[in-house]
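Student: Pasting the sequence and the predicted model now:
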Amino acid sequence: MSASTADLLGLAGKHLLRNYKQPPLVMTRGEGCWLYDTEGKRYLDLYGGIAVCALGHAHPAIARAVSEQAARLVHIANYFYNDQQVRLAAELARRTGLERVFFCNSGAEANEAALKLARRYHHNRGDAERVNVVATWGSFHGRTMGAVAMTGKKAYWEGFGHRLPNVSHVAYGDLDAMARRVNDQTAAVIIEPVQGEGGVLPAPEGYLAGLRALCDKVGALLIVDEIQTGVGRSGRFLAIEHAGVKPDIVSLAKGLAGGVPIGAMVCKEQFADTLPPGSHGSTFGGNPFAAAAALAVLETLDSAALLDHVTATGAYFVAQLSALAQKHATVCEGARGVGLLCGLALKPGQDPQAVLKTLRDRGVLIATAGDRVLRFAPPLIITKAELDEGLAALDAVLATLKPVAP
Ligand SMILES: Cc1ncc(COP(=O)(O)O)c(C=O)c1O
């Protein structure tokens, strides 16, 4: 017999760490862009498990791949090659134009690997003191001690003792500030092509190319964090492609295996031997189960022409969000986005969490970002009709907000 909602909430209250702030809802099932809770209520998923569920829920390609792989081989650790991981590495190399891949299990781990690779690269060249990393305020790079040190929000550092030294931050989008900070002691610059958690902020025109030039000038590595923006979310495989810039290192996770945990650090051929055996590794990273799921996602990106779909539906969605922002101009500031990573900024004084909650009560799930941005990262397979359902609910909720006097 399945447990009741009350039983499950009781167990959660008793046994889960209280590091999240969940509403009293228990999800049990998903299908496409829809989620179902224990009471059978359905929700339109416009946040995609925070930009993870690229193919939505219960996609047959992933279901088939993981069930077949589970019946064949789930895990062997990296003592041996495995067929799925090797094929996935080749696919990532082909799609990113970067040759070498290290697999792990999450975004934070991919950024940790990038940080270690950058420092080790300079060490191997006899420049062991060259350890400085420059990141940006408002960025999000993960929660482990290295990744959180690069994350540009003090609230995420507080209470955990000394932060990893030699990591500093400058304003996002400000090339002059970066030029003043980057020098021949800089090991790497890390950047998101669109700041996701920071408020869905696309890099200004010329910024990413400017960072590439700055790094080249002093011999620093350019790490591009595509954990939220990668794997087609922007309408290209990598969002950095829009800027025509080739990074030294790219970190991927989230959408890569459509919800099965995986992370990847992808880098140029010249770093193939930078982390010698024993210097870095992962027990689970790139196991056949996760790699098979990722291969299914990548194959579906092609077979369903999802990049074109994202470009078209993303342009439609952001235009409709902008129209809503104009219609409700007393409470909205404006809309922005790249592909299907979109944000609607509310005016100061508005509470994005209240909007999120009211939308949820109406059966539409979104996320928030920055201080007052409604964030949308729906499955890449979402249809215009489904987006329209979400937009209608948003229209109705925005209509209930009261303007706040400045
Ligand atoms: C840009 C970016 N980098 C890194 C991370 C961390 O990824 P994870 O939570 O898988 O460790 C996230 C997660 O939101 C992210 O958006």
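Tutor: Everything's here; your move.
Student: interface residues of the stretch 151-300 of the chain facing the ligand?
Tutor: Residues of the stretch 151-300 of the chain lying close to the ligand (CB under 6 Å from any ligand atom) are 192, 196-197, 225, 227-228, 253. For glycine as for every other residue, the C-beta is placed from the backbone atoms N, C-alpha and C.
Student: Go again with 5 Å.
Tutor: Listed as neighbours of the ligand in the stretch 151-300 of the chain under the rule CB under 5 Å from any ligand atom: 196, 225, 227-228, 253.
Student: out of the residues you listed, who has the most neighbours?
Tutor: Across those, the neighbour count under other CB atoms under 10 Å reaches its highest value at residue 225, namely 31 neighbours.
Student: contacting residues around it?
Tutor: Counting by CB atoms under 8 Å, 6 or more residues apart in numbering, residue 225 makes contact with 107, 111, 139, 141, 190-192, 251.
Student: hmm, which of those residues are the buried ones?
Tutor: The neighbour-count criterion (16 or more other CB atoms under 10 Å) marks 107, 111, 139, 141, 190-192, 251 among the contacts of residue 225 as buried.
Student: can you pull the contacts of the residue nearest in space to the middle of the chain?
Tutor: By CA atoms, centre = their mean, the mean C-alpha position of the chain lies nearest to residue 228, the distance being 1.8 Å. For residue 228, the contacting residues are 50-51, 107, 192, 194, 196-197, 254, 341, 377, by CB under 8 Å, 6+ apart.
Student: let's go with 10 Å and repeat that
Tutor: Listed by CB atoms under 10 Å, 6 or more residues apart in numbering, the contact partners of residue 228 are 50-52, 107, 140, 192-197, 200, 234, 239, 252-255, 341, 369, 375, 377.
Student: In ChimeraX, select just the buried ones from those.
Tutor: Typed into ChimeraX, the next command selects the buried ones out of these (criterion: 16+ other CB under 10 Å):
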select :51,52,107,140,192,193,194,195,196,197,200,234,239,252,253,254,255,341,369,375,377
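Student: Show me the contacts of residue 228 that map onto strands.
Tutor: Residues of the contacts of residue 228 located in strands (DSSP state E): 194-195, 252, 341, 369, 375.
Student: Would you tell me which one of these comes nearest to the ligand?
Tutor: Closest approach to the ligand among the ones in strands among the contacts of residue 228 (CB to the nearest ligand atom): residue 195, at 7.9 Å.
Student: The closest one against residue 151, yeah?
Tutor: No. Residue 195 sits out of contact with residue 151 when judged by CB atoms under 10 Å, with a separation of 11.0 Å.
Student: which residues are common contacts for the two?
Tutor: Between them, residue 195 and residue 151 share these contacting residues under CB under 10 Å, 6+ apart: 136-140.
Student: filter these down to the ones near the ligand?
Tutor: Those of the shared contacts of residue 195 and residue 151 which are also neighbours of the ligand are residue 140, as judged by CB under 5 Å from any ligand atom.
Student: Can you name the residues that contact the nearest residue to residue 208 once chain neighbours are set aside?
Tutor: For residue 208, ignoring the flanking residues on the chain, the nearest one in space by CB to CB, 6 or more residues apart in numbering is residue 243 at 4.0 Å. Under the criterion of CB under 10 Å, 6+ apart, the neighbours of residue 243 are 193, 202-203, 205-212, 224.
Student: what does the model give residue 178 for pLDDT?
Tutor: pLDDT, the model's per-residue confidence, is 98 for residue 178.
Student: isn't there a helix covering it?
Tutor: Yes. Residue assignment for residue 178, taken from DSSP: H, G, I helix; E, B strand; the rest coil, places it within a helix.
Student: all numbers from here: first residue = 4
Tutor: With the count now opening at 4, the last piece we talked about shows up as residue 181.
Student: leaving aside the residues next to it on the chain, what's closest to it?
Tutor: The spatially closest residue to residue 181, leaving aside those adjacent along the chain, is residue 173, at 5.4 Å (CB to CB, 6+ apart).
Student: Tell me if residue 337 really is in a helix.
Tutor: No. Under the criterion used here (three-state DSSP), residue 337 is strand, not part of a helix.
Student: gap between it and residue 238?
Tutor: Separation of residue 337 from residue 238 (CB to CB, to the nearest Å) stands at 20 Å.
Student: Of the ones in strands among the contacts of residue 231, just say which sits nearest to residue 11.
Tutor: Within the ones in strands among the contacts of residue 231, proximity to residue 11 (CB to CB) peaks at residue 378, which comes in at 27.2 Å.
Student: Please verify my assumption that the closest one contacts residue 143.
Tutor: No. Taking CB under 10 Å as the definition, residue 378 is not a contact partner of residue 143, at 11.8 Å.
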